[in-house]
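Asker: need a structure here:
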Amino acid sequence: MTDWELMLERIQNAMLALEKAHQAKENFQKEANGKNLSEFQKQMKELENHLRLMKQILEHEDTYSMDEIAQALARTLNNRATYRRIPEFDPSNKPAT
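Answerer: Numbering: from 1, shown residues only. As a prediction, the model looks like this:
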């Protein structure tokens, strides 16, 4: 998976999390209780995590772009291992909080 594909996946995941958070907000507005509040908070935390992952890539978009270009050139010119200034983005690495 390329970094661009990963970013598209992150956007889709964030959009889905936003929809879930919006639905939880509507449920909480209709019936304000502890269960609905907890669900809303859970969905907002999930949305925040997805947005944080997107922000990590956006903060270093120039580096990711250069790595994508270098990788495309390497594939075009030869079959050797690709050069990367940074390791490929690993979504399983959680940011320090």
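Asker: buried stuff in the helix or strand residue 45 falls within?
Answerer: Under the criterion DSSP states H and E, the helix or strand holding residue 45 is helix 34-58. Residues 36, 39-40, 43-44, 46-47, 50, 53, 57 are the ones in helix 34-58 that count as buried (16 or more other C-beta atoms under 10 Å). For glycine as for every other residue, the C-beta is placed from the backbone atoms N, C-alpha and C.
Asker: Quick check: buried residues in the helix-or-strand element of the chain with minimal mean pLDDT?
Answerer: The helix or strand with the lowest mean pLDDT-type score in the chain, counting by mean pLDDT, DSSP states H and E, is helix 61-77 (a mean of 75). Residues of helix 61-77 classed as buried: 64, 67, 71 (neighbour count, 16+ other C-beta under 10 Å).
Asker: Quick check: the last one vs residue 10, distance?
Answerer: Between residue 71 and residue 10 the computed distance is 19 Å (C-beta to C-beta, to the nearest Å).
Asker: Cheers, nothing more for now.
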